[in-house]
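> Fold the following and give me the result.
(chains A and B)
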There are 2 protein chains.
Amino acid sequence: METIVIALGGNALLNPSGRQSYAEGQRNMARVARSIVSIARGHRVVVTHGNGTQVGDELVRNISSKGEIDPLPLYAMTAETQGTIGSEIALALGREARLRGIGMRVGCVLTHVVVSPRDPSFSRPAKPIGPTMALGELKRYRMGGMGIAKSKGGYRLTVASPRPREILELDAIRDLSRSGIVVACGGGGVPVVRRGSSLQGAAAVIDKDSTTRLLANSLGAGTMLILTDAGYVYADYPKNKWAITEMPASSMKRFADRFEAGSIRPKVEAAVEFVENGGKEARIGNLFELDGIMKGRSGTRVY
Amino acid sequence: METIVIALGGNALLNPSGRQSYAEGQRNMARVARSIVSIARGHRVVVTHGNGTQVGDELVRNISSKGEIDPLPLYAMTAETQGTIGSEIALALGREARLRGIGMRVGCVLTHVVVSPRDPSFSRPAKPIGPTMALGELKRYRMGGMGIAKSKGGYRLTVASPRPREILELDAIRDLSRSGIVVACGGGGVPVVRRGSSLQGAAAVIDKDSTTRLLANSLGAGTMLILTDAGYVYADYPKNKWAITEMPASSMKRFADRFEAGSIRPKVEAAVEFVENGGKEARIGNLFELDGIMKGRSGTRVY
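Predicted coordinates for the structure are as follows:
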């Protein structure tokens, strides 16, 4: 049975500090669960998810209360979001399977991902996390290893986003995928670096699309789906909007600088790398159009 | 191969707001990991853990920042602690296995536990969580379904602690335990109640010893170890200190009211229930004397 790896992203996914409430996020997740359970009837399915908004929320929570309780280290905040988001995804998938009378198991595996301590991103932290604030306010939230970058209307904190090199729980994920849907690699995985025999948490947040790519190739998945707010990959966004419906990986790679950095570009890079490493095809599209994406009626196909 | 279920509790386990720092908690965990990995060479091992301090920390973090970010529901705070504590336990066990050159897998499974919406504890929330505070301050932190109880030097919030009825991820835990150490049921599990086909998070924190008991019997474990700060189960504590080294479950049950409520009594009840439901023996003892407990030189044996 073919393995499909599905990355859930976009603001619709459980976003308490964003536009919608936690309950609305749950309703959105329920819609997506319907499509995922349909796919899981004919495939092995592993689901990953981002934590862009949520890890920023945890940072604010940890720092706001630091007079009362020591803040957790940054990597532990990704572990927190694996718990909260993983739980909601697992509950939504389980509910959907029961509604249809399918005895399908769902399991969420806490995932650690090894990164190199010499990854260049540690000296140039560039991944923005948390809300946009005034510079003075922002400094209050800054932890070790974080930078500051300008953003629309103020400033945001930035963290290192090193390249994922090894998924520690890969075997467990593979084993469980044989008997049900697995949720794993949340927020790109809890980043750890090797120090002798030890693995220690790293002050970083790994890009979830990059980890999803590594997972998909490691599992020998044929298809990788990256779901987000956008319906297609657009070139020259936001000035022009060339929607790409399908394109060979080699061409996507050549046009890399025409995809918006920090938003769609990491997804395109993950898609290209997936195909270059043996994947059959990657599809990038809207979280709520998963059925259409599977049928080739929506989203961008990279092959 | 016999299955042993080990519950990690006590303040020594990663306690950022308690006496020791997060780093000290990690060092303590490393000590315990040595003993657990030794046991895992001859047994299937599943490790559970409490979250007494940590879920209170999350409550304070969530409420302190509620002007900036909507607080998570209470059940999601247990999910957060499954992430953070589970991650540290998994890293410590993995490190220890590598130090000894053992290719042993470690996997942490996010766990949901079904409770009844009619559990009497929902109308009388009695499990204290979070720090002791003045009454006025405490009210700020109170969420739906919480009560207030007197405590030494002030007041504490209380939450429902319903009886665990079903571990949703039981099959996944069993499968993974065949090829490595599994960490599961953290903080008693994320509590959920059935509503039709749905499972919804419940405003509660399940007693981790009670869930550990259910897990141990469901896996058909021969031995259950409950590790805590105390070296033995004492009767009439703190007035007199009768250390019990071993006792049949039937006698333990008869003496139930001589064990301090809210601290050692839930552990004794879990031990008794484990034996009554087919377990060979339960041992209750100090977190750092696991080797001695396994050899019968320390701790209380209930059989």
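> tell me the mean pLDDT over the host helix or strand of residue A:84?
Element membership of residue A:84, judged by DSSP states H and E, is helix A:74-99. The pLDDT scores in helix A:74-99 average 96.
> residues near residue A:183, how many?
Residues near residue A:183, counting by other C-beta atoms under 10 Å in any protein chain shown, number 28. For the C-beta atoms, the positions are set from N, CA and C on the backbone; glycine is no exception.
> Nearest spatial neighbour of it, chain-adjacent residues omitted?
residue A:108 (4.0 Å; C-beta to C-beta, 6 or more residues apart in numbering or on different chains).
> hmm, back to that, how far out from the middle of the chain is the next helix or strand after the helix holding residue A:84?
Next along the chain after helix A:74-99, taking DSSP H and E as the criterion, comes strand A:105-110. The chain centre lies 16 Å from the centre of strand A:105-110; the measure is C-alpha atoms, centre = their mean, to the nearest Å.
> Now strand A:105-110: average pLDDT?
Mean predicted lDDT for strand A:105-110 stands at 97.
> same deal with stretch A:227-245?
Stretch A:227-245 shows a mean pLDDT of 90.
> Residue B:206 versus whatever residue of the stretch 151-300 of chain A ends up closest to chain B, what's the distance?
Among the residues of the stretch 151-300 of chain A, residue A:172 lies nearest to chain B; the distance is 3.8 Å by C-beta to the nearest C-beta. To residue B:206, residue A:172 is 24 Å away according to C-beta to C-beta, to the nearest Å.
> likewise residue A:295?
Separation of residue A:295 from residue B:206 (C-beta to C-beta): 43 Å.
> In terms of packing, which of the two has more residues around it?
Neighbours were counted for residue A:295 and for residue B:206 using other C-beta under 10 Å; residue B:206 has more, 29 against 10.
> The more buried one should be in a strand, yeah?
No - judged by DSSP: H, G, I helix; E, B strand; the rest coil, residue B:206 forms no part of a strand; its state is coil.
> For it, which non-adjacent residue is closest in space?
That would be residue B:188: by C-beta to C-beta, 6+ apart, it lies 3.2 Å from residue B:206.
> And residue A:63, by the same measure?
Nearest residue to residue A:63, sequence neighbours excluded (C-beta to C-beta, 6+ apart): residue A:141, at 4.6 Å.
> now do residue A:94
In space, and not counting its chain neighbours, residue A:94 is closest to residue A:106: 4.8 Å by C-beta to C-beta, 6+ apart.
> so that neighbour makes contact with residue A:181?
Yes - between residue A:106 and residue A:181 there is a contact under C-beta atoms under 8 Å: 4.9 Å.
> who touches both of these two?
Residues touching both residue A:106 and residue A:181 (C-beta atoms under 8 Å, 6 or more residues apart in numbering or on different chains) are residue A:93.
> mind checking the SS state of residue A:13?
coil.
> How about the contacts made by it?
By C-beta under 8 Å, 6+ apart, the neighbours of residue A:13 are A:25, A:28, A:29, A:32, A:49, A:50, A:85, A:287.
> switch the cut-off to 10 Å
If a contact means C-beta atoms under 10 Å, 6 or more residues apart in numbering or on different chains, then residue A:13 has A:25, A:28-29, A:32, A:49-54, A:85, A:88-89, A:227-229, A:287 as its contacts.
> Please list the members of the residues you listed that lie in strands.
A:49, A:227, A:228 (DSSP state E).
> My guess is residue A:171 contacts residue B:107. True?
Yes - Residue A:171 lies in contact with residue B:107 (C-beta atoms under 10 Å); the separation is 8.2 Å.
> neighbour count winner among these two?
Neighbours were tallied for residue A:171 and for residue B:107 using other C-beta under 10 Å; the higher tally belongs to residue B:107 (30 against 15).
> what bridges to the more buried one?
residue B:182 (DSSP bridges).
> can you list the residues of the stretch 201-303 of chain A near chain B?
Contact residues (C-beta under 10 Å from any C-beta of the partner chain) of the stretch 201-303 of chain A with chain B: residue A:201.
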